[in-house]
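Peer 1: okay, here's the prediction I keep looking at, along with the sequence it came from:
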Amino acid sequence: MNDNIIYKEDNQIEYIQFKRLLDLGIVHCYTLKREDVDFGTGKKEYDESFDRICGALKIDKEKILIPIQTHNDNIRCVNNETTKEELENTDALITDKKDVVLASRNADCILFLLYDPVKKVIANVHSGWKGTFKKICQKTIIKMINNYGCNPKDILCFISPSIRKCHFEVDEEVKELCEEIFKFTNRTSEFIKKGNIKDEKQKYYIDTVFINKILMEDIGIKSENIIDSGICSVCNKDKINSYRVEGKDFKRAIALIKL
């Protein structure tokens, strides 16, 4: 844990919060790993997990909007009249409504919590490597600017625990795709590193967190306003859910944010 975050345990659930968001009065969390907590749809622990985190944060379960994430770049602007059908095939939510709770779920992917304290706008973004390659976080910020009049210099970005460069290992095909998409940055050597040869195939490590930081700064987000938990889900597998560690029986964490 670093100085940007604090650890909490309440109502039989463990989670972290960002100090800066707390100072600004924003209700939020990122849940940690427990045997009896799982936010995966259809899991037996699903309802009880929501009851616990809602009790800990003192929020109304019925106010939570949970998108059906499909690793795309679809972004929805939502309010208290948004239907479940409108949340299908969606990986990012934005709102300026106080009675709405935005959710996203992960087990290695990056979750971004965004907040503009001037315009009072929040967003919750799910970005795996596919979402990163589609620049979903950058596109969400652009939508905040265009739809809500946000100034990028005011927007704060908080980065959840996720798989980091030390463990995000890919094959040549993904590495080449990454190089092609982000060659315009002239910085690919900074976020793509050569790994070992496994099963006669060359492996590479990609720093998707760093890529997103570059994309955010390119559209005006201040570097000091990008606050990273700095936690790798694989390195901290005892506390963070990880698909790469747990395999097909993996559990999901949830990130929530509310004005």
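Peer 2: Looks like it arrived, so ask away.
Peer 1: going forward, measure contacts and count neighbours with C-alpha atoms only.
Peer 2: Will do.
Peer 1: so Ile142, which state does it fall into?
Peer 2: helix (DSSP: H, G, I helix; E, B strand; the rest coil).
Peer 1: what's the burial count for it?
Peer 2: If you count neighbours by other C-alpha atoms under 10 Å, Ile142 ends up with 18.
Peer 1: got it, and Lys84?
Peer 2: When neighbours are defined as other C-alpha under 10 Å, Lys84 has 11 of them.
Peer 1: per-residue pLDDT, it?
Peer 2: Per-residue confidence at Lys84 stands at 91 (pLDDT).
Peer 1: ok, it - contacts?
Peer 2: Counting by C-alpha atoms under 8 Å, 6 or more residues apart in numbering, Lys84 touches Leu65, Pro67.
Peer 1: please tell me how far it sits from Ile94.
Peer 2: From Lys84 across to Ile94, the span is 15 Å (C-alpha to C-alpha, to the nearest Å).
Peer 1: ok, now Asn74?
Peer 2: Distance from Asn74 to Ile94, by C-alpha to C-alpha: 11 Å.
Peer 1: tell me which of these two has more neighbours.
Peer 2: Ile94 (25 against 19).
Peer 1: wait, a helix at the more buried one?
Peer 2: No. Counting by three-state DSSP, Ile94 falls outside a helix, being strand.
Peer 1: okay, the closest residue in space to Leu24 that isn't next to it in sequence: pLDDT?
Peer 2: Nearest residue to Leu24, sequence neighbours excluded (C-alpha to C-alpha, 6 or more residues apart in numbering): Pro117, at 7.8 Å. On the pLDDT scale, Pro117 is placed at 98.
Peer 1: go ahead and confirm Pro117 touches Ile155.
Peer 2: Yes. Using C-alpha atoms under 8 Å, Pro117 makes contact with Ile155 at a distance of 7.2 Å.
Peer 1: pick out whichever of these two has more residues nearby.
Peer 2: Shown here are Pro117 and Ile155; by other C-alpha under 10 Å, Ile155 has more neighbours (24 against 16).
Peer 1: which residues sit in contact with Lys134?
Peer 2: Counting by C-alpha under 8 Å, 6+ apart, Lys134 makes contact with Asn72, Asp73.
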